[in-house]
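Visitor: Model the structure of this input:
(one chain, ligands or ions: 1)
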Amino acid sequence: MNFENSLAFAEGLDHIDPLRDFRSEFYIPPHQGGDAIYLCGNSLGLQPKTTAEVIAEQLASWRQFGVEGWFEGSDPWISYHRRLAGPLSQIVGAKPEEVTVMNSLTINLHLLMVSFYRPQGKRLKIIMEAGAFPSDQYAVESQVKYHGFNPEEAIIEVAPREGAYLLETGDIINAIRAHADEIALVLFSGINYYTGQVFDMKAIAKAGHEAGAIVGFDLAHAAGNVPLRLHDWEADFACWCSYKYMNSSPGGISGIFVHEKHFGDDQLKRFAGWWGYKLNERFKMTQGFVPEAGADGWQVSTSPILLMAAHYASLQIFEKAGGINALRQKSEQLTNYLEFLIEQINQKTGKEKFKIITPKDIDQRGAQLSIICTQNGKQIFDYLMQNGVIGDWREPDVIRLSPVPLYNSFVDVYKAGTLLAQAAAKY
Ligand SMILES: *Cc1c(COP(=O)(O)O)cnc(C)c1O
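Guide: All right, here's what the predicted structure looks like:
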């Protein structure tokens, strides 16, 4: 599409946007009597207006039934998580039984590594991207230590080439091949949080399996942002949070995926709890853990129903909007428009004020653009924030902006571009 840098053009795009009405289903934080320009869905998605209502329904069940709410009411809590697994499995490209919701993300990463990081002999290493989200780094480091290994030796990090910000798929594959006989686990994010780069998960899964390793993904920045095909790619496991692109409340419940090929494996170790016990016999409360079939067998603790309700409210909106593919179409346009406006600033000033490190190739990015400010970055970011653009700042010089198709408009993006141009002129 040929974009134009004008309010009328942005309004025109909003006018023909089939998803434009979804914005009114969210609370947009206010700024000086109007709406803030919220471009921070990569960090915390906005609150759907239905969330309070859906949570209130469960509070009402609790009021009315007390403990009987587990089995009474229109959606008994005992199987409430299954209502989420259907829509969620569509978002991540899985079968419903391969998906469940439980705990929070880093906890789930640990639990899944208990099952799927199984060092044996020389095959003990974990290969991952350099510059992974800190929580993932700490989780991996502590898992490796837990097994008695030295992180310096047991963790292989694949880094971008000298002077580059992004990883080449070929370099990832080559690194996996080069260490084929010593890696137990290939663990990558779906999208790197800092650069916004989407990794080629299909190719990584294939290379990992050819090397004889297990392959897992952390999809915190990918789930609800880009279409995924976890089942077809044959990922062994994955986990993600629901509070970034899935708008399901701060610290909201996390999702996991376990590929069905592992369902029959009774050698898999797990850190078990009663909520993962075979449902139809759970309340016999007998000795000896017998897991429920599918991903549900990884649950540990009693379902946090209010968090699940918040997630359910959001998943209903995803379905109503026509699913992740419909959202992705608009998302590509929104992000392309933001990129266009930023490139215009560089062209007009004749300087590279802003350097976008996120890939130009739309298949290698989601909603987010990560923008290096070549000078006075912090002042530029503060100027945006003072003028109602909510993005986020990552040391030393990166602004991350993520227009989200459910609640951002092309006018939002246009206004953010205008403010960036003003900031660039000022600083
Ligand atoms: C956001 C994010 C997390 C956060 O994990 P929590 O356990 O929810 O705090 C972890 N990993 C990645 C890759 C993330 O993007």
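
Visitor: could you give me the average pLDDT of stretch 248-268?
Guide: Mean pLDDT, computed over stretch 248-268, is 96.

Visitor: Sort out which residues of that stretch are buried, please.
Guide: Of the residues in stretch 248-268, those scored as buried under the neighbour-count criterion (16 or more other CB atoms under 10 Å) are 248-249, 252-259, 262-263, 268. Backbone N, C-alpha and C define where each C-beta goes, glycine included.

Visitor: Stretch 160-168 too?
Guide: For stretch 160-168, the buried set under the neighbour-count rule, 16+ other CB under 10 Å, comprises P160, Y165, L166, L167.

Visitor: The stretch 1-150 of the chain against the ligand: which residues are in contact?
Guide: Taking CB under 6 Å from any ligand atom as the criterion, the stretch 1-150 of the chain approaches the ligand at residues S104, L105, T106, F133, S135, D136.

Visitor: and the residue of the stretch 301-427 of the chain found nearest the ligand, how many residues sit next to it?
Guide: Going by CB to the nearest ligand atom, the ligand is nearest to Q368 of the stretch 301-427 of the chain, at 11.0 Å. Using other CB atoms under 10 Å, Q368 is surrounded by 33 other residues.

Visitor: which residues touch it?
Guide: Residues near Q368 by CB atoms under 8 Å, 6 or more residues apart in numbering: N42, I191, G196, H221, N225, T335, T358, R400, L401, S402.

Visitor: Apply 7 Å and report the result again.
Guide: Taking CB atoms under 7 Å, 6 or more residues apart in numbering as the criterion, Q368 is in contact with N42, G196, T358, R400, S402.

Visitor: picking that back up, weed out the non-buried ones from the residues of the stretch 1-150 of the chain next to the ligand.
Guide: If you count burial by 16+ other CB under 10 Å, the buried members of those come out as S104, L105, T106, F133, D136.

Visitor: isn't the third one right up against A139?
Guide: What that stands for is T106. Yes. Proximity of T106 to A139 meets the contact threshold set by CB atoms under 7 Å, at 5.6 Å.

Visitor: on that earlier part again, from the buried ones among the residues of the stretch 1-150 of the chain next to the ligand, which land in helices?
Guide: Filtering those for membership in helices, criterion DSSP state H, returns L105, T106, D136.

Visitor: Show the secondary-structure elements that the least confident helix or strand in the chain by mean pLDDT is packed against.
Guide: Per-element confidence for the chain was summarised using mean pLDDT, DSSP states H and E. The lowest value among helices and strands belongs to strand 392-394, with a mean of 94. Counting by 3 or more CB pairs under 7 Å, 6 or more residues apart in numbering; DSSP states H and E, the packing neighbours recorded for strand 392-394 are strand 398-401.

Visitor: what about the strand it packs on, distance to the chain center?
Guide: In terms of CA atoms, centre = their mean, to the nearest Å, the centre of strand 398-401 is found 17 Å from the chain centre.

Visitor: and it, what's its mean pLDDT?
Guide: 97.

Visitor: what packs against it?
Guide: For strand 398-401, the contact count by 3+ CB pairs under 7 Å, 6+ apart identifies strand 369-373, strand 392-394 as packing neighbours.

Visitor: Burial-wise, tell me which of the ones you listed comes out on top.
Guide: Per-stretch averages of neighbours, counted by mean count of other CB atoms under 10 Å, single out strand 369-373 among the helices and strands packed on strand 398-401, with a mean of 23.

Visitor: what about the next helix-or-strand element following that one, distance to the chain center?
Guide: Next in sequence after strand 369-373, counting helices and strands by DSSP states H and E, comes helix 377-386. Put simply, helix 377-386 sits 26 Å off its chain's centre (CA atoms, centre = their mean).

Visitor: next helix or strand past helix 377-386?
Guide: Helix 377-386 is succeeded, C-terminally, by strand 389-390 (DSSP H and E).

Visitor: Any idea how far that next one is from the middle of the chain?
Guide: With CA atoms, centre = their mean as the basis, the distance from the averaged C-alpha position of strand 389-390 to the chain average is 20 Å.

Visitor: Contacts made by it with the rest, please.
Guide: When contacts are taken as CB under 7 Å, 6+ apart, the neighbours of strand 389-390 outside the stretch itself are P29, A36, I37, Y38, L39, C40, A416, L419.

Visitor: Show me which of the residues you listed is closest to the ligand.
Guide: For the contacts of strand 389-390, the residue nearest the ligand by CB to the nearest ligand atom is C40; the value is 12.3 Å.

Visitor: how about the nearest residue to the closest one, chain neighbours excluded?
Guide: Counting by CB to CB, 6 or more residues apart in numbering, I390 is the residue found nearest to C40 once chain neighbours are left out, at 4.9 Å.

Visitor: Next one, pLDDT for that neighbour please.
Guide: Looking at I390, its pLDDT reads 98.

Visitor: what about K284, how many neighbours?
Guide: Residues near K284, counting by other CB under 10 Å: 8.

Visitor: I meant to write D200 there.
Guide: 19.

Visitor: pLDDT on stretch 40-59, on average?
Guide: For stretch 40-59, mean pLDDT rounds to 98.

Visitor: So what touches that stretch?
Guide: The contact list for stretch 40-59 (CB under 7 Å, 6+ apart) reads 25-28, 38, 221, 243-247, 249-250, 305-306, 309-310, 312-314, 317, 367-368, 390-392, 400, 402, 404, 407.
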